[in-house]
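*Asks:* Give me a model of this one.
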Amino acid sequence: MTHKLKITIRGVVQGVGFRPFVYRLASEMHIKGWIINSSQGVFIEAESDKATLENFSERIRTERPANSYIQSFESSWLDPEGFTEFEIRESKEQGSKTALVLPDISTCPDCLDEIFDPNNRRYLYPFTNCTNCGPRFSIIADLPYDRCNTTMGEFEMCPECRAEYTDPLNRRFHAEPTACPKCGPKVTLLDNNGKLLAEKNDAINMAADLIRGGKIVALKGIGGYQLICDARNGTASRELRTRKRRSEKPFAMMFPDINSVKAECEVSAEEERLLCSVEAPIVLLKRKRGIDSVISDECAGTNPYFGIMLPYSPLHHILMRELGFPVIATSGNISEEPICTTEEQAFEKLSGIADVFLVHNRKILRHVDDSITRIVNGREMMMRRARGYAPLPLVMDGIKGTVLATGPHLKNTIAVNKDSNVFVSQHIGDLENVESINAFKNVVSDLTAFYELKPDRVICDMHPDYISTRYAESMKEKVQSLQVHKVQHHYAHVLSCMAESGLEGEVLGVSWDGTGFGTDGTIWGGEFLLSNGAEFRRAAHLAPFRLPAGEQAIQDVWKTGYSLLYSVFGKDCDNLPNIEFLKNTAQTRLIRQMLEKDINSPVTTSAGRLFDGAAAIAGIRNKATFEAQAAMEFEFAAESYSDELKTNDYFTFETVKNSNGVYEISWSNIIRSLAEGALRGEAKGLLALKFHNSMAEIIVNTAKLLKINRVVLTGGCFLNKLLLERSISRLEEEGFKVYWHQRVPTGDGGISAGQMKFASYLK
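*Replies:* Residues are numbered from 1 along each chain as shown. I've put the predicted structure just below:
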């Protein structure tokens, strides 16, 4: 007896070859009916006997395309209509838009084979793609995901491409960016005045020759421009630093293949899997010691890690195959601004940096940086979430209505929801300049328009001066019925980790970072928060100290170091020998006066600033040229301390309850011991290791005092691999269940997700 089964599938089911997969499966099983895309997902009606249809349904679930993701799978039995064939029908735009957009996907093996096959019509074509790979999020303007709704709509397909595109048995069936050298985009090479130098393959070959010769190339990639030069060439790398005004911060690099990476770095199985994944992020890898490295010291300085990615677009693959050596591949922007996406932006911003521009005529609709990840404790941890990951959603139940989370001020991301799907945006950056603020506004407009959303609630940070907070308040001024809720920064960090870990109920959130506006109006950053639903209690924190010169202490970390020493030793700290920054008595006298008279010396409990100050006292670094540089080098000093002498020793500390019943962890003895060790001439690595051990012991001791079994580790300080792994290890040794970030950044890039989690508790 013939039955009819109606199937509705929602999730990542567009742009991944889902329809041709179902078509082939139905043909194989002699099933009649149809499949269609809509702005809500994929709809199927299928007729056969009941057992065959049940098997068909199960095979769709289990054999689905690798890049697809099924969020919901609904089926119902209907009266049969007597279909005579199985067909793929034209897409329809109907109802509320709920279909998920796939991130930009790295080039698949089949397309790579074609690109490097001299007999293939796509030989060395830099825009080769299929349903299994290629641009998605960066080129799509609207749902459903059809060619006319992408930037490829302006390229009319040639007969050969059209035949592939319309053949359900071809892997390019409805692969919207389908193109070839006859009908698709093309690359050109321009000088920094916009003069044409070469086209097509000649452009790539000339760019490669220029890179070999020490020149800097601005390459238009998937989600924006990259600045590329020879990573082996110290002169070229140094010139890039000078032109980009990036004196010491490490550059990301692109290597030709996995074997060239293994020649320079230690690569675990997990790290290799991550490097070669379809997401193809930048992965932080430990450099090999004692080898004759080909990489210039200008690329990463003394940093023991390289940020490395493999080629992920056809253009990258062709260029890197031609070069055969590692290149710097850093964001094509002026420092602290969003990456350029158009030729106009690139020539305005990068003409003083790049010697030539390797561009193409496929438009980029939205900027998408390279994602950054690393392996911590045997699993992936996201550091910057963008290409390859955004805008895939998190699932959060309980959110009522439509919510916009405007995120933090630094490392901003925003988030919106469509029912239980929470879409966290790609990395936007620091909202410190007009360009970044405009990018923030564009992303808000972009994501809300994508899913036709009109927020009735906005969640923002408590800090009154954050651009993201002011934006939320400005929305309220325009729409009086809009509800605006402010969430404390460190609590949002905790909620972010809870959201991705699927946690409800009471947890102890250890939220450590550089800066966050506290409920008492001071700067928090070393917090132990008891979280239970929509409320939290500040149960413990690091003892407060002062930041002389305020935000200047973030760069001049010696000022924080002096403040800590002054808190412990008083005026006698000026007479301590062997601490480098104390030798400049004129500058220390000024800082002492600021502390004594309480001039521009805000109070903080920041763990991040404590790491900075300790690094200065230990003689690691007195000034930072980029964010967290001193703390990073402090971590590296501890890591490099020889294995034979590694110790579990730590500096003792005291914990007391203050008048409010909140535990305060005194760091005074830690700083005293650190300074005394420096005075005795103890190895900097040993001092650094003991300090890290001490901070982990603070976490363990506080967890014991508060007697909460589930501990969440979150905030920018836990980008410190040594601190995080040591804390996890010690907590687990003491019987605690530990949670930390995986797919959402532990730094401020995860704040918007935490704000959305807060929304799930609102009535």
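*Asks:* got any ranges where the protein has weak pLDDT?
*Replies:* Where the chain drops to pLDDT under 70, the residues are 92-96, 98, 642-644.
*Asks:* How is it divided into domains?
*Replies:* 3-88, 103-377, 378-501+749-759, 541-742 (automatic domain parsing).
*Asks:* wait, which of these is closest to Gly514?
*Replies:* Closest approach to Gly514 among the domains of the chain is made by domain 541-742 (3.4 Å; CB to CB). All C-beta atoms are positioned from the backbone trio N, CA, C, and that covers glycine.
*Asks:* quick one, which of the domains of the chain is packed in tightest?
*Replies:* Stretch with highest mean neighbour count among those: domain 378-501+749-759 (a mean of 21; mean count of other CB atoms under 10 Å).
*Asks:* Please report phi then psi for Val13.
*Replies:* phi -130, psi 10 (degrees, to the nearest 10).
*Asks:* I'd say it and Val42 touch.
*Replies:* Yes - contact criterion CB atoms under 8 Å: Val13 and Val42 qualify, at 4.6 Å.
*Asks:* Now do Val356 against Asp209, distance only.
*Replies:* Going from Val356 to Asp209 by CB to CB, to the nearest Å gives 10 Å.
*Asks:* same deal with Met756?
*Replies:* For Met756 relative to Asp209 (CB to CB), the value is 49 Å.
*Asks:* With Met594 instead?
*Replies:* 56 Å.
*Asks:* hey, where'd the strands end up in the stretch 651-763 of the chain?
*Replies:* If DSSP state E, counting those that start in this stretch is used as the criterion, the strands of the stretch 651-763 of the chain fall at 654-657, 663-666, 710-714, 737-739.
*Asks:* so how far is the longest one from its chain's centroid?
*Replies:* The gap between the average C-alpha position of strand 710-714 and the chain average comes to 20 Å, counting by CA atoms, centre = their mean, to the nearest Å.
*Asks:* Could you name the helices and strands sitting against it?
*Replies:* Applying 3 or more CB pairs under 8 Å, 6 or more residues apart in numbering; DSSP states H and E, one finds that strand 710-714 contacts helix 489-501, strand 507-517, helix 684-706, helix 721-733, strand 737-739.
*Asks:* And the contacts of that strand?
*Replies:* 493-494, 496-498, 501, 503, 505-512, 531, 699, 703, 724, 727-728, 731, 736-741, 746, 750 (CB atoms under 8 Å, 6 or more residues apart in numbering).
*Asks:* cutoff 7 Å now
*Replies:* The contact list for strand 710-714, computed with CB atoms under 7 Å, 6 or more residues apart in numbering, reads 493-494, 496-498, 503, 507-511, 703, 724, 727, 731, 736-741, 746.
*Asks:* What of the second one?
*Replies:* Contact with strand 663-666 is made by 539-543, 653-658, 698, 702, 705, as judged by CB under 7 Å, 6+ apart.
*Asks:* That strand pairs with which strands, and in what direction?
*Replies:* strand 535-542 (parallel), strand 654-657 (antiparallel) (DSSP bridges).
*Asks:* Contact partners for Thr52?
*Replies:* Met29, Ile31.
*Asks:* Check whether Glu697 really touches Asn648, as I assumed.
*Replies:* No - Glu697 is beyond contact range of Asn648, at 9.5 Å (criterion: CB atoms under 7 Å).
*Asks:* For the residue positioned nearest the centre of the chain, give the beta-bridge partners.
*Replies:* Nearest to the geometric centre of the chain sits Arg384, at 1.6 Å (CA atoms, centre = their mean). On the basis of DSSP bridges, Arg384 is bridged to Ile372.
*Asks:* Which of the three states applies to the closest residue in space to Gln71 that isn't next to it in sequence?
*Replies:* When the adjacent residues along the chain are set aside, Gln71 lies closest to Gly11, with 3.7 Å between them (CB to CB, 6 or more residues apart in numbering). Recorded secondary structure, Gly11: strand (DSSP: H, G, I helix; E, B strand; the rest coil).
*Asks:* can you give me the strands for the stretch 51-200 of the chain?
*Replies:* 69-78, 86-88, 187-191, 196-199.
*Asks:* elements contacting the last one?
*Replies:* Same thing as strand 196-199. Contact analysis of strand 196-199 by 3 or more CB pairs under 7 Å, 6 or more residues apart in numbering; DSSP states H and E lists strand 187-191 as its packing neighbours.
*Asks:* Let me see the ranges of the helices in the stretch 451-600 of the chain.
*Replies:* Along the stretch 451-600 of the chain, counting by DSSP state H, counting those that start in this stretch, helices occupy 467-478, 489-501, 552-555, 557-569, 585-596.
*Asks:* of all those helices, which lies closest to Asn37?
*Replies:* Using CB to CB, the nearest of the helices of the stretch 451-600 of the chain to Asn37 is helix 489-501, at 29.2 Å.
*Asks:* Can you show me the CA trace of the closest one as CSV?
*Replies:* The C-alpha coordinates for helix 489-501 follow below in CSV (Å, rounded to 0.1, in the frame of the first residue of the first chain):
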residue,chain,number,x,y,z
HIS,A,489,30.1,42.2,32.8
HIS,A,490,31.5,39.3,34.8
TYR,A,491,28.2,37.7,35.3
ALA,A,492,27.7,37.7,31.5
HIS,A,493,31.0,35.9,31.2
VAL,A,494,29.7,33.2,33.6
LEU,A,495,26.4,32.9,31.8
SER,A,496,28.2,32.6,28.5
CYS,A,497,30.1,29.5,29.7
MET,A,498,26.9,28.1,31.3
ALA,A,499,25.0,28.6,28.0
GLU,A,500,27.5,26.6,25.9
SER,A,501,27.9,23.9,28.6
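*Asks:* how much distance is there from it to the middle of the chain?
*Replies:* 16 Å.
*Asks:* Ok, stretch 319-332 next?
*Replies:* Taking mean C-alpha positions (CA atoms, centre = their mean), stretch 319-332 and its chain are 21 Å apart.
*Asks:* Using CSV, write out every CA atom in that stretch.
*Replies:* Extracted in CSV, the C-alpha atoms of stretch 319-332 (Å, rounded to 0.1, in the frame of the first residue of the first chain):
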residue,chain,number,x,y,z
LEU,A,319,49.2,31.2,-4.5
MET,A,320,50.7,28.9,-1.8
ARG,A,321,51.4,26.1,-4.3
GLU,A,322,53.2,28.6,-6.4
LEU,A,323,55.2,30.0,-3.5
GLY,A,324,55.9,26.8,-1.5
PHE,A,325,56.9,28.6,1.7
PRO,A,326,55.2,30.2,4.7
VAL,A,327,53.8,33.7,4.5
ILE,A,328,52.6,36.3,6.9
ALA,A,329,48.8,36.5,6.4
THR,A,330,47.5,39.2,8.7
SER,A,331,44.3,41.2,8.7
GLY,A,332,44.1,43.9,6.0
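*Asks:* Can you list the neighbours in contact with that stretch?
*Replies:* Against stretch 319-332 from outside (CB under 7 Å, 6+ apart): 204-205, 207-208, 211, 218, 224-232, 237, 240, 251-256, 260, 295, 299, 311, 339-340, 346, 350, 369.
*Asks:* Same check on stretch 475-491?
*Replies:* So stretch 475-491 is in contact with 408, 456-463, 472-473, 511, 516-517, 519, 524, 527, 529, 531, 536, 715, 751, 755, 758, 762, going by CB under 7 Å, 6+ apart.
*Asks:* Likewise for stretch 563-573?
*Replies:* Residues contacting stretch 563-573 (CB under 7 Å, 6+ apart): 545-548, 576, 592, 595, 613, 617, 668, 671-672, 675.
*Asks:* distance between that stretch and the chain's centre?
*Replies:* The answer for stretch 563-573 is 39 Å, by CA atoms, centre = their mean.
*Asks:* Walking through the stretch 301-450 of the chain, point out its helices one by one.
*Replies:* Using DSSP H, counting those that start in this stretch, helices in the stretch 301-450 of the chain cover 314-323, 343-350, 434-450.
*Asks:* Turn those into JSON lines, columns for distance to Glu270.
*Replies:* Converted to JSON lines, these look like this (distance: least, CB to CB, whole Å):
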{"stretch": "helix 314-323", "distance to Glu270": "23"}
{"stretch": "helix 343-350", "distance to Glu270": "35"}
{"stretch": "helix 434-450", "distance to Glu270": "31"}
